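# Task: produce atomic coordinates for the following.
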Amino acid sequence: MPREKSENSPDPIARLPDEWAAEAVRLGGRPFHGTQIFRWIHARGEINPSHMTDLPAAIRGRLAQDGVGGVGSVCTVAHELRATDSTRKLLVLLGDGASVETVLIPRIVGAKSELPSPVGLANDADAAAADDDDDDALGDNASTSISVTQCISTQVGCAMGCAFCASGVAGLKRHMHAGEIVSQVLVGRARLDPGERLGNVVLMGMGEPLHNYDATARALRLITHPLGIGLSTRRVTVSTSGLVPEIARLGRDFGGQIGLAISLHAADDETRSRLLPINKKYPLAELMKGLHDYPLPRRRRITMEYTLVAGKNDTVDQAKKLIRLLRGLPVKVNLIPMNPIASSTLTPPDLSRVLAFQRALCDAGYSCFIRRRRGDDVAAACGQLAIHGAKPKIRRNC
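Below is the predicted model:
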């Protein structure tokens, strides 16, 4: 069972270096031993204390006695599905038997993440994770290895109830702890193919990250810590359906450095409230004010995710509403033709309507790209992640 009961007393995976320093002293060691333990877990992915060979034997023994490295101390991969495009979906078991899904999405070799409009394609989820001017953040091996974006989950299920998303079909079962969120990255990194490297992490899997704010924030600090996984904040993106107070909190806590993606999906309150019930609590005027107030660094943009649903939000008139709504915001728009899910009768529009919608935004001067569908043959595409074994209930009220 996970030992983390709150973010004030985190489990071993969720401890930051200063917390490990204090723990190392409690175990009879020195503060620098805590740094060593943190590096073993997060930089090397090693959770077994007996393998932490530069630690004194007494500390290794105490760590083992405390359950570090034991059953439930890190999540495990129960099953892996590999799509024809090399996308991999991992079914991850948590310590209490609950499960979530996480996805590894390799960049298509030889393809740019953003191609010229009007037929521009976002190569995969990493189009939302970083702007193209940040390739130097990937290190010296960037040009010789394949960048992989990992899409991770933050909740078991989801409470948001978005009409086109399978994650909320069974509702919210529980929040994930920070250690569980980060463990997905550790086990995903361990399953990379030869020649691949972890390039981006996007919190776009199961759950609403900002609904589980404290655990999400701690996980972000762990994922970006230079002594551990060490991803640049520009390579980590949080996606939210629009929890306005928590968007402001994210901006304050991280200075706007963490990438922000908004699940927008409509440009008027009536349509958006049908597709995303959260809009009834935080309508568009309130959300837009929050985004205008967000402390976005220079040369950074907010990603607007817009799932196109046939007959619901896919007309050129609605594109014009979107143009007016986004005026004055530094944004790029990712259009996502809806990926079919068993719990909904909604469908994607024809390609001609997708291209017409994109053309309207491009002509108005917006960077607008069509999300390339990845992993849909193993239900790993956007909106398709779900609780394992959940029975789909057809929703027809949109």
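
# which residue ranges form the strands in this protein?
Along the chain, counting by DSSP state E, strands occupy 76-82, 88-93, 99-106, 121-122, 146-151, 155-157, 172-175, 196-203, 236-240, 259-263, 302-308, 331-337, 367-371.

# By mean pLDDT, show me the worst of those.
Considering the strands of the chain one by one, the lowest average pLDDT is found for strand 121-122, at a mean of 53.

# before we move on, the earlier item: may I see the strands of the chain arranged in CSV, with mean neighbour count and distance to residue 323 as well?
For the C-beta atoms, the positions are set from N, CA and C on the backbone; glycine is no exception. Written out in CSV, the entries for those read as follows (neighbours: other Cβ atoms under 10 Å; distance: least, Cβ to Cβ, whole Å):
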stretch, mean neighbour count, distance to residue 323
strand 76-82, 14, 39
strand 88-93, 21, 35
strand 99-106, 26, 29
strand 121-122, 21, 19
strand 146-151, 26, 28
strand 155-157, 23, 33
strand 172-175, 18, 34
strand 196-203, 24, 26
strand 236-240, 24, 22
strand 259-263, 24, 16
strand 302-308, 24, 11
strand 331-337, 22, 10
strand 367-371, 23, 10
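
# any chance of these in JSON lines, plus distance to residue 12?
What follows is the strands of the chain, written out as JSON lines (distance: least, Cβ to Cβ, whole Å):
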{"stretch": "strand 76-82", "distance to residue 12": "15"}
{"stretch": "strand 88-93", "distance to residue 12": "18"}
{"stretch": "strand 99-106", "distance to residue 12": "20"}
{"stretch": "strand 121-122", "distance to residue 12": "37"}
{"stretch": "strand 146-151", "distance to residue 12": "21"}
{"stretch": "strand 155-157", "distance to residue 12": "21"}
{"stretch": "strand 172-175", "distance to residue 12": "19"}
{"stretch": "strand 196-203", "distance to residue 12": "20"}
{"stretch": "strand 236-240", "distance to residue 12": "22"}
{"stretch": "strand 259-263", "distance to residue 12": "28"}
{"stretch": "strand 302-308", "distance to residue 12": "33"}
{"stretch": "strand 331-337", "distance to residue 12": "36"}
{"stretch": "strand 367-371", "distance to residue 12": "37"}
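
# which stretch among those comes nearest residue 230?
strand 196-203 (9.7 Å; Cβ to Cβ).

# before we move on, back to that, and residue 70, which of the strands of the chain is closest to it?
For these, proximity to residue 70 was assessed by Cβ to Cβ; strand 76-82 is nearest, at 12.2 Å.

# Dump the closest one to PDB, keeping only the CA atoms.
The C-alpha trace of strand 76-82 is given here as PDB (Å, rounded to 0.1, in the frame of the first residue of the first chain):
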ATOM      1  CA  THR A  76       4.300  -1.500 -11.700                       C
ATOM      2  CA  VAL A  77       3.400  -2.000 -15.300                       C
ATOM      3  CA  ALA A  78       0.800  -4.800 -15.600                       C
ATOM      4  CA  HIS A  79       0.400  -4.600 -19.400                       C
ATOM      5  CA  GLU A  80       1.800  -2.900 -22.400                       C
ATOM      6  CA  LEU A  81       0.000  -2.300 -25.700                       C
ATOM      7  CA  ARG A  82       2.100  -1.200 -28.700                       C
END
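
# Tell me what angle it forms with strand 88-93.
Orientation note: strand 76-82 sits at an angle of 160 degrees relative to strand 88-93 (axes from the mean of the first three to the mean of the last three Cα atoms, to 10 degrees).

# Packing partners of strand 76-82?
If you count contacts as 3 or more Cβ pairs under 8 Å, 6 or more residues apart in numbering; DSSP states H and E, strand 76-82 packs onto strand 88-93.

# related to what we said a few turns ago, residue 210 is nearest to which of the strands of the chain?
Residue 210 lies closest, by Cβ to Cβ, to one member of the strands of the chain: strand 236-240, at 4.7 Å.

# I would like the residues contacting that closest one, please.
Contacts to strand 236-240, defined as Cβ atoms under 8 Å, 6 or more residues apart in numbering, come from residues 128-130, 200-204, 208-210, 216, 220, 223-224, 246-247, 250, 258-263, 303, 305.

# Now that residue 203 has come up, it's in contact with residue 150, right?
No: look at residue 203 against residue 150 with Cβ atoms under 8 Å: they stay out of range, at 9.9 Å.

# Now do the spatially closest residue to residue 273 that is not a sequence neighbour: how many residues are near it, please.
Ranked by Cβ to Cβ, 6 or more residues apart in numbering and with sequence neighbours excluded, the top spatial neighbour of residue 273 is residue 279, at 4.4 Å. Residue neighbour count, defined by other Cβ atoms under 10 Å, stands at 23 for residue 279.

# Then the one 5 residues further on?
With neighbours defined by other Cβ under 10 Å, the count for residue 284 comes to 19.

# returning to that earlier point: of all the strands of the chain, which lies closest to residue 46?
Proximity to residue 46, assessed across those by Cβ to Cβ, is greatest for strand 76-82 (15.1 Å).

# tell me the angle the closest one makes with strand 99-106.
Between strand 76-82 and strand 99-106, the angle comes out at 50 degrees (the same axes, to 10 degrees).

# contacting residues for residue 73?
3, 11-13, 47, 67, 95.

# Buried only: go through those residues for me.
3, 11-13, 47, 95 (16 or more other Cβ atoms under 10 Å).

# if we take those residues, which one ends up nearest to residue 231?
Proximity of the buried ones among the contacts of residue 73 to residue 231 was ranked by Cβ to Cβ; the top entry is residue 13 with 16.2 Å.

# The closest one is in contact with residue 176, isn't it?
No: the pair residue 13 and residue 176 does not pass the contact test of Cβ under 8 Å, sitting 11.5 Å apart.

# So what touches stretch 50-67?
Surrounding stretch 50-67, the residues in contact under the criterion Cβ under 8 Å, 6+ apart are 3, 12, 24, 27-29, 33, 36-37, 40, 46, 49, 69-70, 73.

# among the residues you listed, which are in helices?
Where the contacts of stretch 50-67 overlap with helices, as defined by DSSP state H, the overlap consists of 24, 33, 36-37.

# Widest-spaced pair of those?
When the ones in helices among the contacts of stretch 50-67 are compared pair by pair using Cβ to Cβ, the farthest-apart members prove to be 24 and 36, with a separation of 8.2 Å.

# That'll do, ta.
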